[in-house]
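**Student:** okay, predicted coordinates and the sequence, questions at the end:
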Amino acid sequence: MSHNIIVTGGAGFIGSHLVCALLSAGHRVVVLDDLSTGKLTNLPVHPNCHFIEVDIVDELALARIFESERPSLVYHEAAIASVQKSIHDPVRTSSVNDYGAKHIFELAVHVGSEQVIFASSAAVYGEDERLPKLETFEPTPLSPYGVQKWQNEIDAVRLAKKGRTRFTALRYFNVYGPKQDPQSEYSGVISIFVDRILQNKPITIFGNGEQTRDFVNIADVVQANMVVQELPSNVDIFNVGTAKKTSLIDLAKHLYSIENRIENIVFQPKREGDIRHSVADIGLLMSKTVYFPNVHILQGLQTLVSAVKSQRNR
Ligand SMILES: NC(=O)c1ccc[n+]([C@@H]2O[C@H](COP(=O)([O-])OP(=O)(O)OC[C@H]3O[C@@H](n4cnc5c(N)ncnc54)[C@H](O)[C@@H]3O)[C@@H](O)[C@H]2O)c1
């Protein structure tokens, strides 16, 4: 079935990959983005892809868009996607990540959208040291960013009781892949490492490098977003990862060996709000959908390095 879909944050890293997959599946897509970190060039030129520049904090503009589009499905990816920024500017990040999401969710309920699928984060788990992370753990976020994402889930649970709109929260772990902007101060560690290594510059690791993350390829994140469409429950919260952990040191070593270069790593003190270990339990998502993480980290890193190099040569 073809949907009219709103994708907030659709010009960003994850959102733009998702937009391409939705267009390929035959849907009409309306992208809402303020281009603060997203880029128009991330979006394909396609007759079913429409772009509206808007700040999700602008309630009136959003209301007009939702009233005229009346989307059956809403993907909410827009956010200031940075733990560090949320610590240094909690007011602006809260207005976008918390209130912006509230506006989107309320409007989806108001116009009778069937489902809202939104980007939550592994940051909700915070200081709970148990591994792997299970959706049933009580969130204990360490940063305002983690609190804001948790608040989105609380709002989803509340609103799912109110109308016919179903809510699906996807707690992404560490997402990587092409189009992640290494110049952005909010970017993921992999795109920054790749950028530095290709420029023959040292990479910086905060802490001793033994901290681990569940790095999930963008293709698997898009897959998760597609397979949760039309789940029957009123509200679901799922981890999206690979269930495998990689330390930052090993990650750096893999990248240096792919590029056949000598390691050049600078260590800096651990940063506030950074968690030590993180790996997802993905049993719930796999039991309720056909999700299966297909991209092994080594394969994903190789593909990414090739994509970045060919982009630079163009
Ligand atoms: N990348 C990851 O590893 C990761 C992990 C967990 C969760 N997430 C979440 O996934 C989502 C997408 O993240 P991303 O990595 O693609 O980041 P991104 O910065 O590339 O994408 C965010 C998009 O939202 C837009 N945006 C920001 N503020 C806005 C506003 N006020 N109004 C309208 N648009 C706005 C940006 O311009 C950008 O296009 C975010 O919600 C993020 O919190 C990402």
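**Tutor:** Perfect, thanks for sending it.

**Student:** what about the helices in the stretch 151-300 of the chain?
**Tutor:** Under the criterion DSSP state H, counting those that start in this stretch, the stretch 151-300 of the chain carries helices at the ranges 189-198, 218-227, 248-259, 283-288, 297-313.

**Student:** now the first one against helix 248-259, angle please.
**Tutor:** Using axes from the mean of the first three to the mean of the last three CA atoms, to 10 degrees, the inter-axis angle of helix 189-198 relative to helix 248-259 is 40 degrees.

**Student:** enumerate the residues of the stretch 151-300 of the chain near the ligand.
**Tutor:** Applying CB under 6 Å from any ligand atom, one finds that the stretch 151-300 of the chain approaches the ligand through Tyr172, Asn174, Val175, Gly188. To be clear about C-beta, it is placed using only N, CA and C from the backbone, and glycine gets the same treatment.

**Student:** so which two of those are the farthest from each other?
**Tutor:** Tyr172 and Gly188 (10.5 Å; CB to CB).

**Student:** if you count surrounding residues, which of those two has more?
**Tutor:** Per other CB atoms under 10 Å, whichever of Tyr172 and Gly188 has more neighbours is Tyr172, with 25 against 20.

**Student:** for that one, give the beta-bridge partners.
**Tutor:** Judged by DSSP bridges, the bridge partners of Tyr172 are Ser121, Val240.

**Student:** the strands in the chain, which residues?
**Tutor:** Secondary structure of the chain, counting by DSSP state E: strands at 4-8, 28-33, 49-53, 73-76, 115-121, 166-172, 174-176, 203-206, 212-213, 215-217, 235-240, 246-247, 265-268.

**Student:** what helices or strands is the fifth one leaning on?
**Tutor:** It stands for strand 115-121. strand 73-76, helix 101-110, helix 144-160, strand 166-172 (3 or more CB pairs under 8 Å, 6 or more residues apart in numbering; DSSP states H and E).

**Student:** run the last query once more with 6 Å
**Tutor:** Secondary-structure packing of strand 115-121 (3 or more CB pairs under 6 Å, 6 or more residues apart in numbering; DSSP states H and E): strand 73-76, helix 144-160, strand 166-172.

**Student:** now Asn208: closest residue in space that isn't a chain neighbour?
**Tutor:** Spatial nearest neighbour of Asn208, excluding adjacent residues (CB to CB, 6 or more residues apart in numbering): Phe267 at 6.8 Å.

**Student:** Ala78 now?
**Tutor:** Closest to Ala78 by CB to CB, 6+ apart is Gly9, at 3.2 Å.

**Student:** so for the most far-flung residue of the chain relative to its centre, what's the pLDDT?
**Tutor:** For the chain, the largest distance from the centre (CA atoms, centre = their mean) belongs to Ile262, which lies 31.7 Å off. For Ile262, the pLDDT comes out at 94.

**Student:** what of the one 10 residues further on?
**Tutor:** In this prediction, Glu272 carries a pLDDT score of 75.
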